[in-house]
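1. build me a model from this:
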Amino acid sequence: MPKPVIVVHGGAGAWQPERRKPGLAGVKVAAKAGHDVLNARGGTALDAVEVAVKSMEDNPVFNAGIGSTLTIDKQIQMEASIMDGKSLCAGATGLLKDIKNPISLARITMEKTDHVFIVGEGAEKLAQVFKLERREPLTELRLRYWKQLTQKLKTGEYEGLPRLKKLLAAYPNLFEMDTVGAVALDREGNTAAATSTGGFALKLPGRIGDTPLIGSGTYADNQAGACSATGIGEVAIRLVLAKHTCDQMHNGQTAQQAVENSITLVNQRLRLGNSMGLIAVDTQGRIGAAHNTPNICWAYMNPKTTKPKASMEAKLITNTAFEDANL
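-> Sure thing, here's the model as predicted:
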């Protein structure tokens, strides 16, 4: 089997020109960091995805860790999750204000507690116990985006989720959906997935997206593969999209077939384009990436690559493509 393998994403959405070059550079660095872990003696898929996601949490171009988006009332509330495909153990956290690396707190939740999902005050106390590093995640870029979006809200151009389809079509740059994530297969055949985000721009305080919900934004199973989602969390939650993708791999689909089928499902059942992106790796080391958004920033490394391969596009699955296929 072709292993080890790592695939990372820096988020699906409409990537603005000022962020494309640093975004591609960032996912390459993350993929290389994760692949170095996989190639090290005893390197595991779980360690690799954590290291890759931490790399992107530390890069302000991404909407995770430093550089996270702001809620409607100008707060930062970060979330993350991680899953071990060998044991099916998972950890998740949310509503974090200033934790430097939310993905590390998610792993602590998985390995040091009896729980899967801890948020808010409890998560903050757990971070204190394990002396996790803190930092101010707000950047000037995200503050500028927040000001632009709130101005659209005041003028009536931004109307919120009830008219999301129309808004996405008319204003693809309105929504910052740049969740980061990684999936990996190690030399022992173990899989893992990790995802982290600052959330939906102008979200209501207390909103939880798909990223920390095991099965929606993150899933890994050694009998199937691993998947990480990026986009509008409400879409992935309603379809339990990461688990759906892994179930398809379990049933014999390749990673690429599985992600394409899952994006088609979004188009078919919710009729909501410009909303989702997915990356995956199956148990044979085959990778997959697909989206219905203008862009997805992603990269991968496998035994055939000497350096990371990165792109702003993968397999684009549109509503039109689905409708034409069913005429």
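2. which residues of the stretch 1-150 of the chain score low on pLDDT?
-> 1-2, 146 (pLDDT under 70).
3. ranges for the strands of it?
-> 5-13, 78-84, 90-96, 117-119 (DSSP state E, counting those that start in this stretch).
4. so what secondary structure elements neighbour the longest one?
-> If I follow you right, that is strand 5-13. helix 17-39, helix 45-57, strand 180-185, strand 225-231, strand 276-282, strand 287-291, strand 295-301 (3 or more Cβ pairs under 8 Å, 6 or more residues apart in numbering; DSSP states H and E). C-beta: built from backbone N, CA, C; applies to glycine.
5. neighbouring contacts of the longest one?
-> Outside helix 17-39, the residues within contact range by Cβ atoms under 8 Å, 6 or more residues apart in numbering are 4-11, 15, 43-45, 47-49, 51-53, 55-56, 59, 61-62, 180, 182, 184, 186-187, 295, 297-301, 307-308, 310-312.
6. redo the strands of the stretch 1-150 of the chain as JSON lines? Include distance to Gln257 and mean neighbour count.
-> Putting the strands of the stretch 1-150 of the chain into JSON lines (distance: least, Cβ to Cβ, whole Å; neighbours: other Cβ atoms under 10 Å) gives the following:
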{"stretch": "strand 5-13", "distance to Gln257": "15", "mean neighbour count": "31"}
{"stretch": "strand 78-84", "distance to Gln257": "21", "mean neighbour count": "32"}
{"stretch": "strand 90-96", "distance to Gln257": "25", "mean neighbour count": "27"}
{"stretch": "strand 117-119", "distance to Gln257": "30", "mean neighbour count": "20"}
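7. would JSON lines of these with distance to Thr254 be doable?
-> Formatted as JSON lines, those follow (distance: least, Cβ to Cβ, whole Å):
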{"stretch": "strand 5-13", "distance to Thr254": "13"}
{"stretch": "strand 78-84", "distance to Thr254": "21"}
{"stretch": "strand 90-96", "distance to Thr254": "24"}
{"stretch": "strand 117-119", "distance to Thr254": "31"}
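8. tell me the buried residues within the contacts of helix 17-39.
-> Buried members of the contacts of helix 17-39, scored by 16 or more other Cβ atoms under 10 Å, are 4-11, 15, 43-45, 47-49, 51-53, 55-56, 59, 61-62, 180, 182, 184, 186, 295, 297-301, 308, 310, 312.
9. chain center to stretch 35-45, what's the gap?
-> 21 Å (Cα atoms, centre = their mean, to the nearest Å).
10. one step back: tell me the most buried of the helices and strands packed on strand 5-13?
-> strand 180-185 (a mean of 36; mean count of other Cβ atoms under 10 Å).
11. report the inter-axis angle for that one versus strand 295-301.
-> With axes from the mean of the first three to the mean of the last three Cα atoms, to 10 degrees applied, the angle from strand 180-185 to strand 295-301 works out at 30 degrees.
12. shift numbering so it begins at 52
-> Got it, first residue is 52 now, which makes that one strand 231-236.
13. so which elements touch strand 231-236?
-> On a contact count with 3+ Cβ pairs under 8 Å, 6+ apart, strand 231-236 meets strand 56-64, helix 68-90, helix 96-108, strand 242-248, strand 276-282, strand 327-333.
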